[in-house]
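Asker: Here's a sequence, model it:
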Amino acid sequence: MVLNDIRVDTVNHRYPFALVWTPIPLLSWVAPPIGHIGICDSKGYIHDFSGPYSITVDSMLFGNPTRYLQPDGCENWSSEKVNEWDAALANQTCSFRKQMYNFFTNNCHRFVSAHMNDVAFNNQTNWNEVRSALTMFFKGRYVSPGRLLLTWVPFLAIVGFICVLLGFSALGL
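Answerer: Residues are numbered from 1 along each chain as shown. Presented below is the predicted three-dimensional model:
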């Protein structure tokens, strides 16, 4: 029996229990695995460590998500597990609202990883910034074909431009 409604609502940007990811302009264009990550509560509201002492809810710093990843089996979680998820997220939100943001050491990936460890995301408690980013990159689902293009077209345009330049250079032009 399904206990939880985990349907994703891309129109209203609701992703129950999900990690969500969006590209960071310029940075993701040259390194596509690097982006901005948030985590959603049981109702699908995004929690995002977006700057010093700031957790935004229902809005991501760099725009709406392009990818998401829900934990295995969350549609069958008990009400206790759902409450644990939301309580852990509320706890991390409160904690990170008291912390300084640092792009390299105390960032959105650390916020999400802390929550993932608290709730044993996919039955694991060894999450860190790199692992959460790579998991999202390799296992995350695209919100839509348009969001897939939003993620990859800038990178492919830069690669194409470099290839054209190298081609002209090789031809002596």
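
Asker: how near is residue 127 to residue 51?
Answerer: Between residue 127 and residue 51 the distance is 22 Å, computed by Cβ to Cβ, to the nearest Å. Bear in mind the C-beta positions are built from the backbone N, C-alpha and C, glycine included.

Asker: Who has more neighbours out of those two?
Answerer: Comparing residue 127 with residue 51 by neighbour count (other Cβ atoms under 10 Å), the higher total belongs to residue 127, at 22 against 13.

Asker: so where is this protein shaky, pLDDT-wise?
Answerer: 1-4, 168-173 (pLDDT under 70).

Asker: so where do the helices sit in it?
Answerer: Counting by DSSP state H, the segments of the chain that form helices are 27-30, 79-96, 108-118, 129-139, 145-170.

Asker: so of the ones you listed, which one's packed in deepest?
Answerer: With neighbours defined by mean count of other Cβ atoms under 10 Å, none of these is more surrounded on average than helix 108-118, at a mean of 23.

Asker: Residues in contact with it: which ones?
Answerer: Contacts of helix 108-118 with the rest of the structure, by Cβ atoms under 8 Å, 6 or more residues apart in numbering, involve 19, 36-39, 47-50, 55, 61, 88-89, 91-92, 95-96, 121, 124-133.

Asker: Phi, psi for the spatially closest residue to residue 70 that is not a sequence neighbour please.
Answerer: With Cβ to Cβ, 6 or more residues apart in numbering as the measure, residue 18 is the residue that lies nearest to residue 70, at 4.6 Å, once sequence neighbours are left out. The phi/psi pair for residue 18 (degrees, to the nearest 10) reads phi -100, psi 150.
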